[in-house]
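Colleague: take a look and give me a structure for this.
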Amino acid sequence: MLIMARYIRNISYFCIMKRLYAFLLTYSVILLFAGTVKAQDAAEEPGIPAATPSEGVTPASDERCATAAEAKGGRFEAMQFSLITCSPHDEVYSLYGHSGLRVKDEVRGEDVVVNYGIFSFSKPFFVLRFVFGLTDYEVWPIPYDLFVVEYQRYGCRITEQVLNLSADEKERLYNALAENCLPENRVYRYNFVYDNCTTRVRDMVCQNTEGKVEFTTAVPDNTTLRSLTHEMTERHPWARLGNDFLLGIGADRQMDKMQMQFLPQKMSEAFDSAYICRDDARVPLVFSKSTLFEGNATQAGDDTLFTPVMAAVTLSLLTVVLTAVEWRRKTYLWWLDGILETAVGIAGIVITAMLFSQHPTVSANILILFFNPLPLCFGIQAVARRTKRRKHWLWKTEMILLCLMIVLFSFGVQYIDPAVLLAAVAVLLRCAVNVVATNGARTGSSAA
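Modeller: Numbering: from 1, shown residues only. Predicted coordinates:
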């Protein structure tokens, strides 16, 4: 029942957080686990013969019912459900890892991993829909061997946590997964923090236990979405910059024990210390834990020494030097302002677009005070006026907005990457010089 189709053609799957990360790097290369997967034929649920009014109920039919019920109960008693967690590796599309729910039915010889990270890249306007949080993902049962081999190929560590479920709970979970995998039910509108391919696995387990699943994991102070993404991108500074560029005020709020489970590793740790609280007992959620593949991923991080901070320092020093030369020679390097204003304006289009996104934590972003479309719309006009030593409101406006952003950052409203702060200082310097230059020229002209 869990293996729904004979062929899965042109289906690509990966964790939602991988896809988010690829977008944060401005549409960098995405690895697509694509291909044709030949699935096994779905086996039908063993039926329990029902007596008809004309037949009545005979001892033979009672015996058949009892035998079928016993076989059914034995099947679910032997069935095994496991949380599969795959560690990250250094490719840009897999810095957060992945989770799946393994269903192993030894009676029928089924062994699949229910994967909530399926998407169809061929759907129209995929990137645009992703930007605005309108992307739909799907759940598919992937043969266990095919699922694992992809992560083994990259040297990921793969762990398995066998869940401590009763026969009734296994049956409920199996039926819920089968229902979820039906064509009319498999599509869902994902949310990269609160409803992704990892949290879906947790929710299916929690919703189909007889008792309540109690998570006892302690949440350290200052655990935020931003701090967790920093943890996962510690050795990837450009990835960290991409995250910080789009994540807004909401990313700096304290997370609770459920919210932090959007990361596969955090959810695996939470499962280790979780309990199922039934009416008559309190039992561990995880029956046993094992390592399926030790992994040999290097986790070496980015090879480049040219980090975002180094790039920002270079930009700032270059801006200071060129401004000093400009001031000494009493000329105007219009092309310098042209490059800076164009770059700021283009980045501003992305930040402005996120105001209308359905993604959480991105719509309220104080970086819009720095990156906004104003320089792109009025930059040419401002530069043209500056060449004639005439004032333009854009320079003062940018100065005010940049100072306000720095003040909000200093009060802890939102974290700003150091590279962005250094770039803001460079632009602030240019705005201040342009304001002073035009004010001085106007004053001198009046005096004459």
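
Colleague: in the helix or strand hosting residue 205, what's buried?
Modeller: Using DSSP states H and E, residue 205 sits in helix 199-207. Residues of helix 199-207 classed as buried: 199, 200, 201, 202, 204, 205, 206 (neighbour count, 16 or more other Cβ atoms under 10 Å). (C-beta placed from N, C-alpha, C; glycine too.)

Colleague: out of the residues you listed, who's nearest residue 222?
Modeller: residue 199 (21.9 Å; Cβ to Cβ).

Colleague: wait, that closest one touches residue 263, no?
Modeller: No: using Cβ atoms under 8 Å, residue 199 is not in contact with residue 263, being 9.8 Å away.

Colleague: residues in contact with residue 258?
Modeller: Counting by Cβ atoms under 8 Å, 6 or more residues apart in numbering, residue 258 touches residue 215.

Colleague: ramachandran angles for residue 112?
Modeller: Backbone dihedrals for residue 112, given as degrees, to the nearest 10, come out at phi -130, psi 160.

Colleague: what's the neighbour count on it?
Modeller: 26 (other Cβ atoms under 10 Å).

Colleague: what's across from the closest residue to it other than its chain neighbours in the sheet?
Modeller: Leaving aside its chain neighbours, residue 112 sits nearest to residue 141 (4.0 Å; criterion: Cβ to Cβ, 6 or more residues apart in numbering). Bridge pairing for residue 141 (DSSP bridges) gives the partners residue 114.

Colleague: do residue 214 as well
Modeller: Here residue 214 sits in beta bridges with residue 275, going by DSSP bridges.

Colleague: my read: the residue nearest to residue 112 touches residue 115, true?
Modeller: Yes: assessed by Cβ under 8 Å, residue 141 is found in contact with residue 115 at 7.4 Å.

Colleague: looking at those two, which is more packed in?
Modeller: residue 141 (29 against 26).

Colleague: show me where pLDDT drops low in the stretch 1-150 of the chain?
Modeller: Applying pLDDT under 70 to the stretch 1-150 of the chain flags residues 1-73, 91-93, 120-122, 126-127, 131.

Colleague: mind doing that once more with 90?
Modeller: 1-78, 88-97, 106-107, 117-138, 150 (pLDDT under 90).

Colleague: secondary structure class for residue 81?
Modeller: strand (DSSP: H, G, I helix; E, B strand; the rest coil).

Colleague: isn't it right next to residue 172, touching?
Modeller: No: contact between residue 81 and residue 172 fails when scored by Cβ under 8 Å: they sit 10.9 Å apart.

Colleague: contacts for stretch 327-343 next, please.
Modeller: 319, 322-323, 325-326, 375-376, 379-380, 382-383, 386-387, 426-427, 430, 433-434, 437.

Colleague: now it, how far from the centre of its chain.
Modeller: 39 Å (Cα atoms, centre = their mean, to the nearest Å).

Colleague: for the record, mean pLDDT for that stretch?
Modeller: Per-residue pLDDT over stretch 327-343 has a mean of 95.

Colleague: what comes up buried for that stretch?
Modeller: 332, 336, 337, 340, 341, 343.

Colleague: for that stretch, measure first residue to last.
Modeller: Using Cα to Cα, to the nearest Å, the end-to-end distance of stretch 327-343 comes to 23 Å.

Colleague: convert stretch 82-95 to PDB, retaining C-alpha atoms only.
Modeller: Extracted in PDB, the C-alpha atoms of stretch 82-95 (Å, rounded to 0.1, in the frame of the first residue of the first chain):
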ATOM      1  CA  SER A  82      12.200   4.100  12.200                       C
ATOM      2  CA  LEU A  83      13.400   7.700  12.000                       C
ATOM      3  CA  ILE A  84      16.200   8.000   9.400                       C
ATOM      4  CA  THR A  85      18.500  11.000   9.900                       C
ATOM      5  CA  CYS A  86      21.100  11.800   7.300                       C
ATOM      6  CA  SER A  87      23.900  14.200   8.300                       C
ATOM      7  CA  PRO A  88      24.900  17.300   6.200                       C
ATOM      8  CA  HIS A  89      27.800  17.300   3.800                       C
ATOM      9  CA  ASP A  90      29.700  20.200   2.200                       C
ATOM     10  CA  GLU A  91      27.800  20.600  -1.000                       C
ATOM     11  CA  VAL A  92      25.800  23.800  -1.000                       C
ATOM     12  CA  TYR A  93      22.500  22.000  -1.300                       C
ATOM     13  CA  SER A  94      22.900  19.800   1.800                       C
ATOM     14  CA  LEU A  95      24.100  21.800   4.800                       C
END
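
Colleague: all strands of the stretch 201-350 of the chain, in order?
Modeller: 212-214, 275-277, 282-284, 286-293 (DSSP state E, counting those that start in this stretch).

Colleague: could I get those as CSV with mean pLDDT?
Modeller: Shown next, in CSV, are the strands of the stretch 201-350 of the chain (pLDDT from 0 to 100):
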stretch, mean pLDDT
strand 212-214, 94
strand 275-277, 95
strand 282-284, 94
strand 286-293, 94
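
Colleague: wait, which of these is closest to residue 239?
Modeller: Using Cβ to Cβ, those put strand 286-293 closest to residue 239, at 24.5 Å.

Colleague: now do the buried residues in stretch 251-260.
Modeller: For stretch 251-260, by 16+ other Cβ under 10 Å, it's 251, 252, 255, 258, 259, 260.

Colleague: wait, the fifth one touches residue 191, no?
Modeller: No: in this structure, residue 259 is not within contact of residue 191 by Cβ under 8 Å, at 11.3 Å.

Colleague: who's in contact with residue 355?
Modeller: Residue 355 neighbours (Cβ under 8 Å, 6+ apart): 363, 368.

Colleague: need phi/psi at it.
Modeller: phi -60, psi -30.

Colleague: can you give me the helices in the stretch 301-448 of the chain?
Modeller: Applying DSSP state H, counting those that start in this stretch to the stretch 301-448 of the chain gives helices spanning 308-329, 334-353, 374-387, 393-410, 418-447.

Colleague: starting at the chain centroid, how far to the shortest one?
Modeller: Distance of helix 374-387 from the chain centroid (Cα atoms, centre = their mean) equals 37 Å.

Colleague: one more: the longest one?
Modeller: Between the centre of helix 418-447 and the centre of its host chain there is 39 Å, according to Cα atoms, centre = their mean.

Colleague: give me the buried positions along that helix.
Modeller: So for helix 418-447, counting by 16+ other Cβ under 10 Å, buried means 419-435, 437-438.
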